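**Student:** quick one, fold the following:
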Amino acid sequence: MACGIARLGAQESAPRGVRVSVGSGVETADAAAGRAGASLASTRIAAEASQQRRSPRGSLRAWSGVTADQWWQTGVRRSIAAAANVDGGVTLTRRMRLDFAERVSSAPLDLFAPRGAGVIAGAPPTVLSGSEIPATRTLSHNGLISLARTIGPRSQVVVSGTQAIAMTGRDRVATSGATGRFERQVGRFTRWHAGYGFVLSSEQRVEHAAERRQNADVAFDYTRPLPFWGHTTLAASAGGSLLTEAAGRRVRMNAGASLDHRLNGRWSVNVDYARPVEYLAGVVQPLVTDSVRVGAAGLLPRQISFAIAAGASSGSVGVVGGSRFASYVGTAHASRRLGPDWQLDIEVHDSWYRFDASPGAGIPAAFARRGFRAGLVWIPRMRG
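**Tutor:** Got it, this is the predicted structure:
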(Lines give C-alpha, C1' and ligand atoms only; values in the text may rest on other atoms or scores of the structure.)
Protein backbone atom coordinates (compact mmCIF):
# COMPACT_ATOMS: atom_id res chain seq x y z
CA MET A 1 0.00 0.00 0.00
CA ALA A 2 2.80 2.43 0.87
CA CYS A 3 4.43 1.91 -2.53
CA GLY A 4 1.15 2.55 -4.33
CA ILE A 5 0.58 5.80 -2.44
CA ALA A 6 4.15 6.96 -3.07
CA ARG A 7 3.70 6.52 -6.82
CA LEU A 8 0.67 8.84 -6.74
CA GLY A 9 2.81 11.83 -5.91
CA ALA A 10 5.14 11.44 -8.86
CA GLN A 11 2.88 11.43 -11.88
CA GLU A 12 0.77 14.59 -12.03
CA SER A 13 1.04 18.24 -11.03
CA ALA A 14 -0.64 18.93 -7.71
CA PRO A 15 -3.55 21.34 -7.34
CA ARG A 16 -2.83 23.15 -4.11
CA GLY A 17 -4.14 26.10 -2.22
CA VAL A 18 -3.49 28.46 0.66
CA ARG A 19 -6.14 30.48 2.48
CA VAL A 20 -5.48 33.06 5.22
CA SER A 21 -8.21 35.15 6.85
CA VAL A 22 -8.43 37.86 9.48
CA GLY A 23 -11.77 38.97 10.85
CA SER A 24 -13.75 40.07 13.85
CA GLY A 25 -17.09 39.03 15.21
CA VAL A 26 -19.45 38.71 18.15
CA GLU A 27 -20.77 35.45 19.60
CA THR A 28 -23.15 34.59 22.40
CA ALA A 29 -22.96 31.18 24.06
CA ASP A 30 -24.84 29.79 27.02
CA ALA A 31 -25.22 26.39 28.63
CA ALA A 32 -28.95 27.03 29.05
CA ALA A 33 -30.24 26.69 25.49
CA GLY A 34 -32.55 29.46 24.42
CA ARG A 35 -31.14 32.17 26.70
CA ALA A 36 -29.11 34.96 25.17
CA GLY A 37 -26.00 34.52 27.30
CA ALA A 38 -23.06 36.90 27.49
CA SER A 39 -21.70 38.47 24.29
CA LEU A 40 -18.05 37.85 23.48
CA ALA A 41 -16.14 39.77 20.79
CA SER A 42 -12.96 38.44 19.24
CA THR A 43 -10.47 38.75 16.42
CA ARG A 44 -9.96 35.53 14.51
CA ILE A 45 -6.90 34.56 12.47
CA ALA A 46 -7.20 31.38 10.41
CA ALA A 47 -4.89 29.68 7.92
CA GLU A 48 -5.44 26.63 5.74
CA ALA A 49 -3.26 24.75 3.26
CA SER A 50 -4.31 21.95 0.92
CA GLN A 51 -2.71 19.82 -1.75
CA GLN A 52 -3.99 17.13 -4.09
CA ARG A 53 -2.28 14.64 -6.37
CA ARG A 54 -3.84 12.37 -8.96
CA SER A 55 -2.62 9.58 -11.19
CA PRO A 56 -4.34 6.92 -13.31
CA ARG A 57 -4.20 4.62 -10.29
CA GLY A 58 -5.64 6.85 -7.60
CA SER A 59 -5.60 10.10 -5.67
CA LEU A 60 -4.19 11.60 -2.50
CA ARG A 61 -5.50 14.73 -0.75
CA ALA A 62 -4.05 16.53 2.26
CA TRP A 63 -5.42 19.49 4.22
CA SER A 64 -4.39 21.24 7.43
CA GLY A 65 -5.68 24.28 9.24
CA VAL A 66 -5.24 26.34 12.38
CA THR A 67 -7.55 28.95 13.94
CA ALA A 68 -6.84 31.38 16.78
CA ASP A 69 -9.40 33.60 18.52
CA GLN A 70 -8.17 36.51 20.62
CA TRP A 71 -11.08 37.58 22.82
CA TRP A 72 -11.41 41.30 23.53
CA GLN A 73 -12.76 40.83 27.05
CA THR A 74 -10.26 40.55 29.89
CA GLY A 75 -10.13 37.24 31.71
CA VAL A 76 -11.10 35.19 28.64
CA ARG A 77 -8.33 32.94 27.40
CA ARG A 78 -7.15 32.84 23.79
CA SER A 79 -8.73 29.91 21.95
CA ILE A 80 -6.62 27.91 19.47
CA ALA A 81 -7.63 24.92 17.36
CA ALA A 82 -5.80 22.84 14.75
CA ALA A 83 -6.71 19.93 12.50
CA ALA A 84 -5.31 17.88 9.63
CA ASN A 85 -6.95 15.55 7.09
CA VAL A 86 -5.48 12.98 4.72
CA ASP A 87 -7.65 10.88 2.42
CA GLY A 88 -7.43 9.14 -0.92
CA GLY A 89 -7.71 5.89 -2.79
CA VAL A 90 -5.56 3.45 -4.73
CA THR A 91 -6.59 1.01 -7.46
CA LEU A 92 -4.73 -2.15 -6.43
CA THR A 93 -5.88 -4.42 -9.26
CA ARG A 94 -8.47 -4.33 -12.02
CA ARG A 95 -11.11 -5.53 -9.54
CA MET A 96 -9.90 -4.14 -6.21
CA ARG A 97 -9.67 -0.64 -4.76
CA LEU A 98 -8.47 0.66 -1.39
CA ASP A 99 -9.80 3.91 0.12
CA PHE A 100 -8.70 5.59 3.34
CA ALA A 101 -9.28 8.73 5.41
CA GLU A 102 -7.63 10.10 8.55
CA ARG A 103 -8.38 13.19 10.65
CA VAL A 104 -6.62 14.50 13.75
CA SER A 105 -7.75 17.61 15.61
CA SER A 106 -7.25 19.52 18.83
CA ALA A 107 -10.10 21.93 19.48
CA PRO A 108 -12.88 22.90 21.89
CA LEU A 109 -15.60 20.26 21.83
CA ASP A 110 -18.07 20.87 19.00
CA LEU A 111 -21.35 18.97 19.35
CA PHE A 112 -22.75 20.64 16.22
CA ALA A 113 -20.39 18.76 13.88
CA PRO A 114 -22.53 15.62 13.24
CA ARG A 115 -24.25 15.32 9.90
CA GLY A 116 -27.66 15.31 11.53
CA ALA A 117 -27.15 18.78 12.98
CA GLY A 118 -27.06 20.50 9.61
CA VAL A 119 -23.50 20.35 8.28
CA ILE A 120 -23.44 21.51 4.64
CA ALA A 121 -22.92 18.55 2.30
CA GLY A 122 -19.62 18.68 0.44
CA ALA A 123 -18.21 21.48 2.60
CA PRO A 124 -14.41 21.51 3.00
CA PRO A 125 -12.93 20.42 6.32
CA THR A 126 -12.92 23.18 8.92
CA VAL A 127 -11.49 23.74 12.36
CA LEU A 128 -13.20 26.03 14.87
CA SER A 129 -11.88 27.67 18.01
CA GLY A 130 -14.83 29.77 19.04
CA SER A 131 -17.26 29.32 21.91
CA GLU A 132 -17.75 25.56 21.39
CA ILE A 133 -17.92 24.73 25.11
CA PRO A 134 -14.29 25.86 25.77
CA ALA A 135 -14.06 23.99 29.10
CA THR A 136 -14.08 20.64 27.28
CA ARG A 137 -11.17 20.82 24.86
CA THR A 138 -10.82 17.58 22.91
CA LEU A 139 -7.96 15.82 21.16
CA SER A 140 -9.52 13.45 18.65
CA HIS A 141 -8.56 11.03 15.92
CA ASN A 142 -10.87 9.47 13.33
CA GLY A 143 -9.80 6.88 10.79
CA LEU A 144 -11.49 4.88 8.03
CA ILE A 145 -10.16 2.25 5.65
CA SER A 146 -12.18 0.22 3.15
CA LEU A 147 -11.41 -2.40 0.53
CA ALA A 148 -13.85 -2.91 -2.37
CA ARG A 149 -13.67 -5.90 -4.72
CA THR A 150 -15.76 -6.33 -7.86
CA ILE A 151 -17.05 -9.90 -8.11
CA GLY A 152 -19.19 -9.56 -11.22
CA PRO A 153 -20.45 -7.07 -13.79
CA ARG A 154 -23.03 -5.73 -11.28
CA SER A 155 -21.82 -6.82 -7.84
CA GLN A 156 -19.14 -5.88 -5.35
CA VAL A 157 -18.12 -6.62 -1.77
CA VAL A 158 -16.89 -3.84 0.55
CA VAL A 159 -15.06 -4.49 3.82
CA SER A 160 -14.32 -1.46 6.02
CA GLY A 161 -12.92 -0.62 9.43
CA THR A 162 -13.28 2.54 11.52
CA GLN A 163 -11.68 3.92 14.67
CA ALA A 164 -12.42 7.07 16.66
CA ILE A 165 -10.56 8.19 19.80
CA ALA A 166 -11.41 11.31 21.80
CA MET A 167 -9.57 12.57 24.90
CA THR A 168 -11.05 15.35 27.05
CA GLY A 169 -9.04 15.94 30.21
CA ARG A 170 -8.93 12.58 31.99
CA ASP A 171 -11.74 11.13 29.90
CA ARG A 172 -10.87 8.91 26.97
CA VAL A 173 -13.53 7.43 24.69
CA ALA A 174 -12.56 4.93 21.99
CA THR A 175 -14.81 3.39 19.34
CA SER A 176 -13.70 0.72 16.85
CA GLY A 177 -15.81 -1.05 14.26
CA ALA A 178 -15.77 -3.33 11.24
CA THR A 179 -18.38 -3.82 8.53
CA GLY A 180 -18.90 -6.17 5.61
CA ARG A 181 -21.31 -5.29 2.80
CA PHE A 182 -22.53 -6.86 -0.43
CA GLU A 183 -23.91 -4.56 -3.15
CA ARG A 184 -25.63 -5.44 -6.43
CA GLN A 185 -26.98 -3.27 -9.23
CA VAL A 186 -30.42 -4.55 -10.29
CA GLY A 187 -31.40 -1.86 -12.76
CA ARG A 188 -30.27 1.36 -14.33
CA PHE A 189 -31.14 3.39 -11.24
CA THR A 190 -31.58 0.78 -8.48
CA ARG A 191 -29.28 -1.34 -6.34
CA TRP A 192 -29.64 -3.29 -3.12
CA HIS A 193 -27.18 -4.07 -0.38
CA ALA A 194 -26.92 -6.30 2.68
CA GLY A 195 -24.39 -5.85 5.43
CA TYR A 196 -23.30 -6.74 8.93
CA GLY A 197 -21.04 -4.88 11.33
CA PHE A 198 -20.08 -4.47 14.97
CA VAL A 199 -18.81 -1.58 17.08
CA LEU A 200 -16.84 -1.77 20.34
CA SER A 201 -16.85 1.33 22.57
CA SER A 202 -15.05 1.99 25.85
CA GLU A 203 -14.65 4.86 28.32
CA GLN A 204 -11.50 5.09 30.44
CA ARG A 205 -12.91 6.65 33.64
CA VAL A 206 -15.96 4.36 34.05
CA GLU A 207 -15.43 0.83 35.31
CA HIS A 208 -16.78 -1.90 32.99
CA ALA A 209 -17.82 0.80 30.48
CA ALA A 210 -16.95 -1.27 27.41
CA GLU A 211 -19.94 -1.99 25.17
CA ARG A 212 -20.36 -3.99 21.98
CA ARG A 213 -23.06 -3.25 19.42
CA GLN A 214 -24.04 -5.21 16.35
CA ASN A 215 -25.85 -4.00 13.26
CA ALA A 216 -27.31 -6.06 10.41
CA ASP A 217 -29.13 -4.27 7.60
CA VAL A 218 -30.72 -4.78 4.19
CA ALA A 219 -31.79 -1.88 1.99
CA PHE A 220 -32.58 -0.69 -1.54
CA ASP A 221 -30.99 2.43 -3.05
CA TYR A 222 -32.48 4.43 -5.92
CA THR A 223 -30.86 7.38 -7.75
CA ARG A 224 -31.96 9.02 -11.00
CA PRO A 225 -32.51 12.38 -12.74
CA LEU A 226 -36.23 13.14 -12.82
CA PRO A 227 -37.52 13.11 -16.43
CA PHE A 228 -40.46 15.42 -15.65
CA TRP A 229 -38.39 18.01 -13.75
CA GLY A 230 -35.26 19.16 -15.51
CA HIS A 231 -31.95 19.60 -13.69
CA THR A 232 -33.27 17.63 -10.71
CA THR A 233 -31.84 14.45 -9.19
CA LEU A 234 -33.62 12.25 -6.66
CA ALA A 235 -31.86 9.74 -4.41
CA ALA A 236 -33.71 7.52 -1.95
CA SER A 237 -33.03 4.43 0.15
CA ALA A 238 -35.21 2.21 2.31
CA GLY A 239 -34.56 -0.85 4.42
CA GLY A 240 -34.32 -2.16 7.95
CA SER A 241 -31.60 -2.92 10.49
CA LEU A 242 -31.26 -4.78 13.77
CA LEU A 243 -29.26 -2.86 16.40
CA THR A 244 -27.99 -4.93 19.32
CA GLU A 245 -26.22 -3.92 22.54
CA ALA A 246 -26.02 -5.11 26.14
CA ALA A 247 -29.25 -3.30 27.10
CA GLY A 248 -31.30 -5.05 24.43
CA ARG A 249 -32.21 -5.07 20.75
CA ARG A 250 -34.02 -2.67 18.52
CA VAL A 251 -35.34 -3.04 14.97
CA ARG A 252 -35.01 0.27 13.15
CA MET A 253 -36.41 1.34 9.80
CA ASN A 254 -33.66 2.88 7.68
CA ALA A 255 -34.86 5.52 5.24
CA GLY A 256 -33.27 8.44 3.48
CA ALA A 257 -33.98 10.77 0.58
CA SER A 258 -32.34 13.76 -1.10
CA LEU A 259 -33.46 16.13 -3.84
CA ASP A 260 -31.00 18.35 -5.71
CA HIS A 261 -32.33 20.95 -8.14
CA ARG A 262 -30.47 23.51 -10.24
CA LEU A 263 -32.74 26.52 -10.69
CA ASN A 264 -30.55 28.12 -13.37
CA GLY A 265 -26.90 28.63 -14.15
CA ARG A 266 -26.37 30.51 -10.89
CA TRP A 267 -28.56 28.90 -8.21
CA SER A 268 -29.11 25.42 -6.81
CA VAL A 269 -31.13 24.06 -3.88
CA ASN A 270 -31.10 20.75 -2.02
CA VAL A 271 -33.21 19.00 0.59
CA ASP A 272 -32.42 15.72 2.30
CA TYR A 273 -33.69 13.48 5.10
CA ALA A 274 -31.73 10.73 6.83
CA ARG A 275 -31.76 8.46 9.88
CA PRO A 276 -28.07 8.08 10.78
CA VAL A 277 -26.51 6.41 13.82
CA GLU A 278 -23.75 8.84 14.85
CA TYR A 279 -20.80 8.70 17.26
CA LEU A 280 -19.54 11.84 19.01
CA ALA A 281 -16.34 12.70 20.80
CA GLY A 282 -16.87 12.36 24.54
CA VAL A 283 -20.12 10.38 24.24
CA VAL A 284 -19.89 6.59 24.62
CA GLN A 285 -23.46 5.88 23.50
CA PRO A 286 -24.34 6.47 19.83
CA LEU A 287 -26.96 9.01 18.79
CA VAL A 288 -29.85 7.33 16.98
CA THR A 289 -31.10 10.22 14.89
CA ASP A 290 -33.75 11.52 12.51
CA SER A 291 -32.53 14.58 10.62
CA VAL A 292 -33.58 16.95 7.86
CA ARG A 293 -31.49 19.56 6.07
CA VAL A 294 -32.15 22.26 3.44
CA GLY A 295 -29.71 24.48 1.62
CA ALA A 296 -29.32 26.89 -1.28
CA ALA A 297 -26.32 28.47 -2.97
CA GLY A 298 -25.79 30.85 -5.85
CA LEU A 299 -24.63 34.24 -7.12
CA LEU A 300 -26.20 37.60 -6.26
CA PRO A 301 -25.68 40.81 -8.25
CA ARG A 302 -22.16 42.29 -8.22
CA GLN A 303 -20.71 38.75 -8.20
CA ILE A 304 -21.55 38.11 -4.55
CA SER A 305 -21.53 34.41 -3.65
CA PHE A 306 -24.24 33.46 -1.18
CA ALA A 307 -25.06 30.21 0.62
CA ILE A 308 -27.62 29.38 3.28
CA ALA A 309 -28.25 26.09 5.09
CA ALA A 310 -30.33 24.87 8.00
CA GLY A 311 -30.73 21.49 9.63
CA ALA A 312 -32.59 19.95 12.54
CA SER A 313 -32.31 16.57 14.20
CA SER A 314 -33.90 14.65 17.05
CA GLY A 315 -33.47 11.20 18.52
CA SER A 316 -32.14 9.29 21.50
CA VAL A 317 -28.81 8.53 23.16
CA GLY A 318 -28.15 4.80 22.93
CA VAL A 319 -29.88 2.02 21.05
CA VAL A 320 -32.42 1.14 23.76
CA GLY A 321 -34.10 3.38 26.36
CA GLY A 322 -31.77 6.38 26.15
CA SER A 323 -32.56 10.02 26.88
CA ARG A 324 -34.01 12.18 24.12
CA PHE A 325 -32.27 15.07 22.39
CA ALA A 326 -32.91 17.70 19.71
CA SER A 327 -30.63 20.11 17.85
CA TYR A 328 -30.71 22.84 15.20
CA VAL A 329 -28.10 24.66 13.09
CA GLY A 330 -28.57 27.55 10.69
CA THR A 331 -25.86 29.40 8.73
CA ALA A 332 -25.70 32.12 6.08
CA HIS A 333 -22.50 33.05 4.27
CA ALA A 334 -21.73 35.74 1.69
CA SER A 335 -18.44 36.60 -0.02
CA ARG A 336 -17.32 39.09 -2.66
CA ARG A 337 -14.07 39.21 -4.58
CA LEU A 338 -12.07 42.41 -4.03
CA GLY A 339 -9.34 41.48 -6.48
CA PRO A 340 -7.55 38.43 -7.87
CA ASP A 341 -6.26 37.36 -4.43
CA TRP A 342 -8.64 38.98 -1.91
CA GLN A 343 -12.27 38.58 -0.90
CA LEU A 344 -14.61 39.86 1.80
CA ASP A 345 -16.48 37.22 3.87
CA ILE A 346 -19.55 37.71 6.08
CA GLU A 347 -21.16 34.91 8.11
CA VAL A 348 -24.14 34.61 10.45
CA HIS A 349 -24.84 31.44 12.46
CA ASP A 350 -27.40 30.25 14.98
CA SER A 351 -27.48 26.85 16.71
CA TRP A 352 -28.67 25.04 19.82
CA TYR A 353 -29.09 21.57 21.26
CA ARG A 354 -30.93 20.11 24.25
CA PHE A 355 -30.56 16.67 25.92
CA ASP A 356 -32.81 15.30 28.65
CA ALA A 357 -29.60 14.52 30.58
CA SER A 358 -25.92 15.28 30.05
CA PRO A 359 -24.59 12.85 27.40
CA GLY A 360 -21.04 12.79 28.81
CA ALA A 361 -18.67 14.06 31.49
CA GLY A 362 -18.26 17.83 31.32
CA ILE A 363 -20.83 18.22 28.51
CA PRO A 364 -23.80 20.46 29.40
CA ALA A 365 -27.27 19.06 28.78
CA ALA A 366 -28.22 22.21 26.84
CA PHE A 367 -26.19 24.70 24.84
CA ALA A 368 -26.94 27.62 22.52
CA ARG A 369 -24.63 29.62 20.27
CA ARG A 370 -25.20 32.40 17.77
CA GLY A 371 -23.04 35.08 16.25
CA PHE A 372 -21.84 37.27 13.40
CA ARG A 373 -18.39 37.52 11.82
CA ALA A 374 -16.81 39.52 8.98
CA GLY A 375 -13.28 39.57 7.65
CA LEU A 376 -10.80 39.68 4.79
CA VAL A 377 -9.52 36.51 3.13
CA TRP A 378 -6.28 36.15 1.16
CA ILE A 379 -6.31 33.34 -1.40
CA PRO A 380 -3.12 33.62 -3.46
CA ARG A 381 -3.08 32.15 -6.95
CA MET A 382 -0.70 29.21 -7.03
CA ARG A 383 1.70 28.73 -9.92
CA GLY A 384 3.08 25.53 -11.34
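
**Student:** what is the mean pLDDT for stretch 291-311?
**Tutor:** Taken as a whole, stretch 291-311 has a mean pLDDT of 91.

**Student:** ok, longest strand in this protein?
**Tutor:** With DSSP state E setting the assignment, residue counts place strand 38-55 as the longest strand in the chain.

**Student:** what strands line up against it, and which way round?
**Tutor:** With DSSP bridges as the test, strand 38-55 is paired with strand 16-30 (antiparallel), strand 58-71 (antiparallel).

**Student:** give me the buried positions along it.
**Tutor:** By neighbour count with 16 or more other Cβ atoms under 10 Å, strand 38-55 contains the buried residues 40, 42, 44-48, 50-55. In short, each C-beta sits where N, CA and C put it, glycine included.

**Student:** ok, now stretch 22-32?
**Tutor:** Neighbour counts over stretch 22-32 (16+ other Cβ under 10 Å) mark G23, G25, E27, T28, A29, D30 as buried.

**Student:** go on, stretch 325-336?
**Tutor:** F325, S327, Y328, V329, G330, T331, H333, A334, S335.

**Student:** with stretch 266-278 instead?
**Tutor:** S268, V269, N270, D272, A274, R275, P276, V277, E278.

**Student:** now flag whichever of the buried residues of strand 38-55 is closest to A365.
**Tutor:** Lowest distance from A365 to the buried residues of strand 38-55 (Cβ to Cβ) belongs to L40, with 21.6 Å.

**Student:** thinking again about what came up before, which of the strands paired with strand 38-55 comes out lowest on mean pLDDT?
**Tutor:** Among the strands paired with strand 38-55, strand 16-30 carries the lowest mean pLDDT (a mean of 86).

**Student:** now do stretch 181-195: everything it contacts.
**Tutor:** 154-160, 179-180, 216-224 (Cβ atoms under 8 Å, 6 or more residues apart in numbering).

**Student:** do me a favour and get the end-to-end distance for it?
**Tutor:** Criterion Cα to Cα, to the nearest Å; first-to-last residue distance in stretch 181-195 is 4 Å.

**Student:** want to try CSV for the strands paired with strand 38-55, with distance to V320 as columns?
**Tutor:** Listed next are these as CSV, based on distance: least, Cβ to Cβ, whole Å:
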stretch, distance to V320
strand 16-30, 32
strand 58-71, 38
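
**Student:** between the ones you listed, which gets nearest to D99?
**Tutor:** Here strand 58-71 is closest among these (Cβ to Cβ), at 8.9 Å.

**Student:** tell me the angle the next helix or strand along the chain from the closest one makes with strand 58-71.
**Tutor:** As assigned by DSSP states H and E, the chain's next helix or strand after strand 58-71 is strand 79-91. Strand 79-91 runs at 170 degrees relative to strand 58-71, counting by axes from the mean of the first three to the mean of the last three Cα atoms, to 10 degrees.

**Student:** now the longest strand of the chain, how far from the chain's geometric center?
**Tutor:** 16 Å (Cα atoms, centre = their mean, to the nearest Å).

**Student:** farthest-apart pair in the buried residues of stretch 325-336, please.
**Tutor:** The span of the buried residues of stretch 325-336, defined through Cβ to Cβ, is set by F325 and S335 at 33.1 Å.

**Student:** G65 contacts V104, doesn't it?
**Tutor:** No: assessed by Cβ atoms under 8 Å, G65 is found out of contact with V104, at 11.6 Å.

**Student:** please identify which of the two sits among more neighbours.
**Tutor:** Using other Cβ atoms under 10 Å, the more surrounded residue of G65 and V104 is G65, with 21 against 16.

**Student:** contacts only, for E347.
**Tutor:** Applying Cβ under 8 Å, 6+ apart, the residues near E347 are G25, T331, A332, H333, A334, F372, R373, A374.

**Student:** switch to 7 Å and redo it
**Tutor:** T331, H333, R373 (Cβ atoms under 7 Å, 6 or more residues apart in numbering).

**Student:** which of the contacts of stretch 181-195 are buried?
**Tutor:** The neighbour count (16+ other Cβ under 10 Å) marks Q156, V158, S160, T179, D217, A219, D221 as buried among those.

**Student:** what about the third one, distance to R97?
**Tutor:** What that stands for is S160. Distance of S160 to R97, computed by Cβ to Cβ, to the nearest Å: 12 Å.

**Student:** for the buried residues of stretch 266-278, name the two members farthest from one another.
**Tutor:** Top of the distance list for the buried residues of stretch 266-278 (Cβ to Cβ): S268 and V277, 28.9 Å.

**Student:** quick one: low-confidence parts of the stretch 151-300 of the chain?
**Tutor:** 204-210, 245-247, 280-282, 284 (pLDDT under 70).

**Student:** may I have the beta-bridge partners of S105?
**Tutor:** A83, S140.

**Student:** quick check: V159 touching G197?
**Tutor:** No: contact criterion Cβ atoms under 7 Å: V159 and G197 do not qualify, at 9.9 Å.

**Student:** what touches both of those two?
**Tutor:** G180.
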